[in-house]
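1. Just the structure for this:
(2 chains)
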Amino acid sequence: MDPVMLARIQFAATTIFHFFFVPLSIGLVLLIAIMETMYVAKGKEIYKRMAKFWGKLFLINFAVGVVTGILQEFQFGMNWSDYSRFVGDVFGAPLAVEALFAFFMESTFIGLWIFGWDRLSKKVHLLSIWLVSIGTIASAFWILAANSFMQRPVGFEINNGRAEMNDFFALISNGQLWVEFPHTVLGAFATGAFLIAGVSAYKLMKRQDMEFFKKSFTVAIVIGLITSFATALYGHQQAQYLVKTQPMKMAAAESLWGKSGDPAPWTVYAHIDPKTGENTFEIKIPYLLSFLSYSEFSGEVKGMNELQAEYEQTYGPGDYIPPVRTTFWSFRIMVAAGSLMIVLGMYGTYLAWRKKLDRPNKWFYRIMLWAISLPFIANTSGWIMTEIGRQPWTVFGYMRTEDSISPSVTSGQILFSLIAFTAIYAVLAAVMVYLFVKVIKKGPYAENVNDDGQSADPYGKEGYHAIS
Amino acid sequence: MLSLNELWFILVAVLFIGFFFLEGFDFGVGMSTRFLAKNDMERRVLINSIGPFWDANEVWLLTAGGAMFAAFPNWYATLFSGYYTPLVVLLLALIGRGVAFEFRGKVENTRWKNTWDIAIFLGSLLPPFLLGVVFSGLLKGLPIDGDMEMKAGLFDMVNLYTLVGGITVVVLCLVHGLLFTSLRTTGSLRERARQLAHRLLIPLAALFVIFGAMTYFQTDVFEARALPLTLIAVAGLGAFLLAGWFIRKERDGWAFGMTGTLIALSIASVFIGLFPRVMISSISEAYSLTIHNAASGPYSLKIMTIVALTLLPFVLGYQIWSYFVFHKRINEKEHLEY
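-> Residues are numbered from 1 along each chain as shown, chains lettered A, B, ... in the order given. The predicted structure is shown next:
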């Protein structure tokens, strides 16, 4: 099999899998930090128990995020050595800073948080979880700085056939980064919030530990609503930015072959035929694409055919149109999932605000349980759109994907690692879901522990079982 | 005056020394869960003794990788693609081990725990072995062509020399981990850890002598760096004798410090032996990767120097503080998190 294809499948598989856990960690740790802050500020035990219960889910998730992240850092060199040689001077720097600044902070303070309940003062313990949260956000910032360089290369010059950094501040003030980073991180907050809201809704439906889950639901749904809405706003910013910097990606996301006309309508549905380069059937909403692209109800958007001709002029002959169907549909799936989150967030916030959570809102709670999947769908499809939509480039305008792989690595080796990683990831996913369900079913009060987290009888046999 | 290329070479060395010093002991503790612990409770004490630390320790490896990528992209690219298959195994081992710590205590079931215990054992045994093989390979030289591509067959990577190197690193980490256990636990577990460490000193010394002799005859590193390497060998011998003496005197902290010193000296000597090369080509000396032809440009190195030198003191500060917070010995009578 073609090594480029295998390497791409491997990168997609490992990265998508890694990015199930990362946003959930970023989101959960923020909510846990907020809960623990309420505990320290108000002194009510229930907030401490909330931080501990949701902390359990967070830690299971965090472990998987960490170990799958090691692979992320290694696989650039392993599968994409020509890419690494070409961009290492620029791209390596944010990765190194991420490790130095973010990974050390996260990993040290998560250890202090897990093991420090009895050894640290309340305030230092609280500070620890906030530093973990800051670490996760900083990690997102630096890795997205690296990714933004691939989308919109800045702050470098080409010397001896490779990219060399000449302006670090251009790299971290990259316009792409400042639309991509808030969009991604806010989406991550929403991911954690919807998990807590969904699990709480399930427990409220079962009418278990009502007080605990009402409080958890309220905190989560409010943050879920705010962050989903803000994610959408930054998504709009990013779309406008893409029209200027990566118009081909946006044209593909719209399946817009020819000129859009002025004002430009937005295509809700299209039957796409990439071979002939046309849509055989479309449903359109007038004015909307103009609005998405320019925040006003007029203005024309360039189509793929025109851009293809422009790119051939600039970059030489080649096919510069990314896989249109994937880009088009991943964009729509992301938008649909995000919109649903906003609607559910509004209704949930309304219920919490009107103190109606005690009522048997069976249908809503059931939907909220399923809605846990929405941010994951949105996150994944968002990244698929971003990365597929950049094709055929790895570094837009400078390096093609087909030129990026490792010349010394054979298809057989990649296939072997692809199978091995996929297998171990499948096991991890299954175990994690199993443990999540187990912890959730047990509930926050299952353990025979008193308020300071110690077993009621630490010297007794029961005590060991209760805390193991 | 130190050039930035030299400084980054030293920084990468320092990161690997930090990694082997720190993760070395938690690898050792992880290995010892298989034979030192007599029951599940003792196994839990062992795992909890490294519980707050292992994750941050592993970040030293990630940071070393990141520093290589940023400062010496060609080194990173050649090494990681060249050692593709061993690194796949390394990653699988680290993945299994990392989740095992978190997962094993979550279900009260013997088979469940045994499964994750095997992951902890293999995940603690394979990485130091594989990294030992890789580092020995760096000293011996690898088939790197004029395009900086390393096209190594199995026996270029795995041969008698690199196997001895791998086993040496494993035993060194094990002794280091046993001494960490003697430092962090109480009672019979502590005694057994110390005794086993003591018994392993002679085999460890033998491994060092064999590896040293093979390095002398099979590589060129002594030719250029005879003096510093001899000094290191003498210092290593001193640390070794002191380690034995401190173990007999039951001065666990000092003994642990001595195996730590041995690790630092070992890794340092690898880097001194390589310098100014980062990867030695066995095809032609001209094809070797050096701190110059593998490096990033001066601007990138300058920026990274500022960032690293600003952040490293903080990192060291809070990491040392975390060791201080958890300095008390742990035993089975207290609350165990894992």
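2. CA atoms for contacts and neighbours, from now on please.
-> Will do.
3. how much space between A:Gln313 and A:Val301?
-> Distance of A:Gln313 to A:Val301, computed by Cα to Cα, to the nearest Å: 19 Å.
4. A:Glu310 too?
-> Applying Cα to Cα, the value for A:Glu310 to A:Val301 is 14 Å.
5. Likewise for B:Glu332?
-> For B:Glu332, the distance to A:Val301 - Cα to Cα - is 69 Å.
6. So for the two, which sits in the more crowded spot?
-> Per other Cα atoms under 10 Å in any protein chain shown, whichever of B:Glu332 and A:Val301 has more neighbours is A:Val301, with 25 against 16.
7. and the closest residue to the more buried one other than its chain neighbours, what element?
-> Leaving aside its chain neighbours, A:Val301 sits nearest to A:Ser260 (5.4 Å; criterion: Cα to Cα, 6 or more residues apart in numbering or on different chains). Under the criterion of DSSP states H and E, A:Ser260 resides outside all helices and strands.
8. Neighbours of A:Ser260, how many?
-> A:Ser260 has 19 neighbouring residues, counting by other Cα under 10 Å.
9. can you tell me which residues contact B:Val221?
-> Each residue near B:Val221 by Cα atoms under 8 Å, 6 or more residues apart in numbering or on different chains is listed here: B:Leu139, B:Thr215, B:Gly273, B:Leu274.
10. got the residues of the stretch 251-400 of chain A near chain B?
-> Within the stretch 251-400 of chain A, no position lies close to chain B (Cα under 8 Å from any Cα of the partner chain).
11. what residues are up against B:Ser281?
-> Residues counted as contacts of B:Ser281 (Cα under 8 Å, 6+ apart) are B:Gly141, B:Leu142, B:Pro143, B:Ile144, B:Asp145, B:Tyr287, B:Ser288, B:Leu289.
12. repeat for A:Met346
-> Residues in contact with A:Met346 (Cα under 8 Å, 6+ apart) are A:Leu225.
13. Tell me the spacing between it and A:Glu278.
-> Counting by Cα to Cα - A:Met346 and A:Glu278 are separated by 39 Å.
14. and what of A:Asn61?
-> As judged by Cα to Cα, A:Asn61 and A:Glu278 stand 44 Å apart.
15. Distance check, the residue of the stretch 201-350 of chain A found nearest chain B against B:Ala224.
-> Proximity of the stretch 201-350 of chain A to chain B (Cα to the nearest Cα) peaks at A:Lys203, 21.0 Å away. A:Lys203 sits 70 Å away from B:Ala224, going by Cα to Cα.
16. between those two, which one's more packed in?
-> A:Lys203 (22 against 13).
17. which residues in the chain form strands?
-> Answering for chain A, as no chain was given. Under the criterion DSSP state E, chain A carries strands at the ranges A:156-159, A:162-165, A:266-273, A:278-285, A:393-395, A:399-400.
18. Correction: the question concerned chain B.
-> Using DSSP E, strands in chain B cover B:277-279, B:289-290.
19. Including mean pLDDT and mean neighbour count, could the ones you listed go into TSV?
-> Listed next are the strands of chain B as TSV, based on pLDDT from 0 to 100; neighbours: other Cα atoms under 10 Å in any protein chain shown:
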stretch	mean pLDDT	mean neighbour count
strand B:277-279	92	25
strand B:289-290	92	22
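20. For A:Asp167, which of these is the nearest?
-> Closest to A:Asp167 of those, according to Cα to Cα: strand B:289-290, at 25.3 Å.
21. what lines up beside the closest one in the sheet?
-> Within its sheet, strand B:289-290 is paired with strand B:277-279 (antiparallel), according to DSSP bridges.
22. Could you tell me the phi and psi values at B:Gly146?
-> phi -60, psi -20 (degrees, to the nearest 10).
23. Please name the nearest non-neighbouring residue to it.
-> Counting by Cα to Cα, 6+ apart, B:Gly146 lies nearest to B:Tyr287, which is 5.4 Å off, once chain neighbours are set aside.
24. which residues touch the one you found?
-> Going by Cα under 8 Å, 6+ apart, B:Tyr287 touches B:Ile144, B:Asp145, B:Gly146, B:Met148, B:Ile280, B:Ser281.
25. What about the closest residue to the fourth one other than its chain neighbours, how many residues nearby?
-> Of all residues beyond its chain neighbours, the one nearest B:Met148 is B:Thr78 (6.4 Å), with distances taken as Cα to Cα, 6+ apart. Each residue near B:Thr78 was counted by other Cα under 10 Å, and the total is 28.
26. interface residues of the stretch 101-250 of chain B facing chain A?
-> The interface of the stretch 101-250 of chain B toward chain A, taken as Cα under 8 Å from any Cα, is made up of B:Glu102, B:Phe103, B:Gly105, B:Lys106, B:Glu108, B:Glu149, B:Met150, B:Lys151.
27. switch to 6 Å and redo it
-> With the criterion set to Cα under 6 Å from any Cα of the partner chain, the stretch 101-250 of chain B comes near chain A through B:Gly105, B:Lys151.
28. residue contacts, B:Leu22?
-> If a contact means Cα atoms under 6 Å, 6 or more residues apart in numbering or on different chains, then B:Leu22 has B:Asn57 as its contacts.
29. Go again with 10 Å.
-> With contact set as Cα atoms under 10 Å, 6 or more residues apart in numbering or on different chains, B:Leu22 has these partners: B:Phe16, B:Phe53, B:Trp54, B:Ala56, B:Asn57, B:Glu58, B:Trp60, B:Cys173, B:His176, B:Gly177, B:Gly260, B:Ile263.
30. Using JSON lines, please lay out the residues you listed together with pLDDT and neighbour count.
-> Below are these laid out as JSON lines (pLDDT from 0 to 100; neighbours: other Cα under 10 Å):
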{"residue": "B:Phe16", "pLDDT": "96", "neighbour count": "22"}
{"residue": "B:Phe53", "pLDDT": "90", "neighbour count": "23"}
{"residue": "B:Trp54", "pLDDT": "90", "neighbour count": "22"}
{"residue": "B:Ala56", "pLDDT": "89", "neighbour count": "23"}
{"residue": "B:Asn57", "pLDDT": "92", "neighbour count": "24"}
{"residue": "B:Glu58", "pLDDT": "92", "neighbour count": "24"}
{"residue": "B:Trp60", "pLDDT": "93", "neighbour count": "25"}
{"residue": "B:Cys173", "pLDDT": "96", "neighbour count": "30"}
{"residue": "B:His176", "pLDDT": "96", "neighbour count": "30"}
{"residue": "B:Gly177", "pLDDT": "95", "neighbour count": "30"}
{"residue": "B:Gly260", "pLDDT": "95", "neighbour count": "27"}
{"residue": "B:Ile263", "pLDDT": "96", "neighbour count": "24"}
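31. So which of those is the closest to chain A?
-> Distances from chain A to those, taken as Cα to the nearest Cα, are shortest for B:Ala56 (4.7 Å).
32. A:Glu106 is in contact with that closest one, correct?
-> Yes - when contacts are counted by Cα atoms under 10 Å, B:Ala56 is listed as touching A:Glu106 (8.1 Å).
33. Quick one: residues contacting A:Trp393.
-> Going by Cα under 10 Å, 6+ apart, A:Trp393 touches A:Met150, A:Gln151, A:Tyr320, A:Pro322, A:Glu387, A:Met399, A:Arg400, A:Thr401, A:Glu402, A:Asp403, A:Ser404.
34. Return the distance of the second one relative to A:Met399.
-> Distance of A:Gln151 to A:Met399, given as Cα to Cα: 11 Å.
35. of these two, who's got more company?
-> Between A:Gln151 and A:Met399, counted using other Cα under 10 Å, the more crowded position is A:Gln151 (23 against 18).
36. Grab the nearest non-local neighbour of that one.
-> A:Phe396 is the one closest to A:Gln151 (Cα to Cα, 6+ apart), at 5.6 Å.
37. Ok, A:Lys123 next?
-> Using Cα to Cα, 6+ apart and skipping residues adjacent in sequence, the residue nearest A:Lys123 is A:Val40, 7.2 Å away.
38. With A:Leu340 instead?
-> Leaving aside its sequence neighbours, A:Leu340 sits nearest to A:Leu374 (Cα to Cα, 6+ apart; 7.9 Å).
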